[in-house]
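Generate coordinates for the sequence data below:
(one chain, ligands or ions: 1)
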Amino acid sequence: MNTIHTLKNMKAAGEKIAMLTCYEASFARLMSEQGVDVLLVGDSLGMAVQGKSSTLPVSLDDICYHTAAVARGNEQALIMADLPFGSYQQSKEQAFAAAAQLMAAGAHMVKLEGGAWIAETTAFLQQRGIPVCAHIGLTPQSVNTLGGYKVQGRGAAAAQLMDDAQAHANAGADVVLMECVPAQLAAQVTAALSCPTIGIGAGVDCDGQVLVMHDMLGIYHGKTAKFVKNFMQGQNSIQAAIATYVAEVKAKTFPAEIHSFGN
Ligand code: KIV
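Residues are numbered from 1 along each chain as shown. Take a look at the predicted model:
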């Protein structure tokens with residue numbers, strides 16, 4: 001079974017980490033068999049599975065339900081589960097209670113969104129036995145304060161993003177995930193941190209990549225983001241599409257420049 005140590009060893013060895021979102025048992029088995037290293041039970045399930053217009057209405061019970069399903073199908077991947085909107089921002093104690101439910105449902109690690117302001121919570125969870133992935137850059141749960149799904153960390157905001165990453169790393173984060181961040185900045189963050197980084201729209205130099213499974217299979221009905229590649233194209237099975245994703249991440253051919261953002 002992959003653990004946070006597997007991910008750290010992969011960073012040290014220069015092997016890229018392939019991660020996909022996953023919401024149920026059959027896909028968990030299939031992805032695990034095709035060599036996906038990390039399965040993310042993401043709150044993107046609000047849009048991809050529940051047909052809602054954002055991640056905000058997703059509940060802790062929803063993520064627990066899908067995490068338990070993924071855990072039943074998984075073979076060797078590390079399971080990361082999202083702390084949904086409203087389940088952790090109020091206090092460290094609230095975050096621990098929610099994270100403990102996710103761990104009991106079968107998660108090996110939780111993910112929370114936010115910069116340095118929430119790093120204290122990262123430390124609180126980590127010290128109590130819960131590995132944490134800190135999601136920075138474009139944090140979809142804050143879409144209303146960000147004013148849309150926009151690239152983050154450009155220009156003067158680059159220093160703040162680096163500070164956010166360092167604050168979580170110093171607090172003991174096991175992984176830092178960057179969404180929609182200029183590739184050059186994500187590369188600098190990756191070089192500065194000893195923990196692995198995962199990117200989505202953050203360029204090829206992150207230690208690993210993640211995509212939403214519905215996006216990479218070309219079955220999401222909504223707008224396609226610049227960082228998405230449809231891996232079903234040219235393949236005749238879902239297994240082959242997932243295997244190709246894993247191979248391209250490991251070979252550093254995905255993401256290409258067309259999937260990345262400049263400064
Ligand atoms: O919920 C999710 O799918 C995510 C990814 C976009 C990283 O957080």
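
Helix, strand, or coil at the residue lying farthest from the centre of the chain?
Residue farthest from the centre of the chain, counting by CA atoms, centre = their mean, is residue 236 at 26.9 Å. For residue 236, the assignment made with DSSP: H, G, I helix; E, B strand; the rest coil gives coil.

mind checking the backbone torsions on it?
Torsion angles at residue 236 (phi, psi; degrees, to the nearest 10) stand at phi -110, psi 10.

Could you report the pLDDT at residue 140?
Here the pLDDT value assigned to residue 140 is 98.

contacting residues for the nearest residue to it once chain neighbours are set aside?
If the residues on either side of it in the chain are set aside, residue 140 comes closest to residue 55, at 5.1 Å by CB to CB, 6 or more residues apart in numbering. To be clear about C-beta, it is placed using only N, CA and C from the backbone, and glycine gets the same treatment. Listed by CB atoms under 8 Å, 6 or more residues apart in numbering, the contact set of residue 55 reads 43, 44, 46, 47, 84, 85, 140, 141.

wait, doesn't the first one sit right on residue 86?
Pointing back at residue 43 there. No: using CB atoms under 8 Å, residue 43 makes no contact with residue 86, being 10.8 Å away.

got the residue ranges for the helices in the stretch 1-150 of the chain?
With DSSP state H, counting those that start in this stretch as the criterion, the stretch 1-150 of the chain has helices at 4-13, 25-33, 45-48, 60-73, 92-105, 119-127, 143-146.

quick one: which of the contacts of residue 55 is nearest the ligand?
Nearest to the ligand among the contacts of residue 55, counting by CB to the nearest ligand atom, is residue 44 at 3.1 Å.

Look up the closest residue to that closest one, ignoring the ones flanking it.
That would be residue 212: by CB to CB, 6+ apart, it lies 5.0 Å from residue 44.

Report pLDDT for residue 96.
pLDDT at residue 96 comes out at 99.

Model confidence for the closest residue to the ligand within the chain, exactly?
Nearest to the ligand in the chain, going by CB to the nearest ligand atom, is residue 42, at a distance of 2.4 Å. Confidence at residue 42, expressed as pLDDT, is 98.

right, and it touches residue 212 too?
Yes: using CB under 8 Å as the test, residue 42 is close enough to residue 212 to be in contact (6.9 Å).

Let me see the ranges of the strands in the stretch 101-250 of the chain.
Assigned strands in the stretch 101-250 of the chain, in chain order: 109-113, 132-137, 175-179, 197-200, 208-211 (criterion: DSSP state E, counting those that start in this stretch).

Residues of the stretch 101-250 of the chain that sit close to the ligand?
For the stretch 101-250 of the chain, the residues in contact with the ligand (CB under 6 Å from any ligand atom) are 135, 177, 179, 200, 210, 212.

before we move on, back to that, contacting residues around the closest residue to the residue of the chain closest to the ligand other than its chain neighbours?
Leaving aside its sequence neighbours, residue 42 sits nearest to residue 21 (CB to CB, 6+ apart; 4.3 Å). With contact set as CB under 8 Å, 6+ apart, residue 21 has these partners: 39, 40, 41, 42, 44, 45, 48, 210, 211, 212, 213, 214.

Can you say which of those residues are buried?
Neighbour counting with 16 or more other CB atoms under 10 Å marks 39, 40, 41, 42, 44, 45, 48, 210, 211, 212, 213, 214 as buried within the contacts of residue 21.

Look up how far residue 210 lies from the fourth one.
Residue 42 sits 8 Å away from residue 210, taking CB to CB, to the nearest Å as the criterion.

Appreciated, that's everything.
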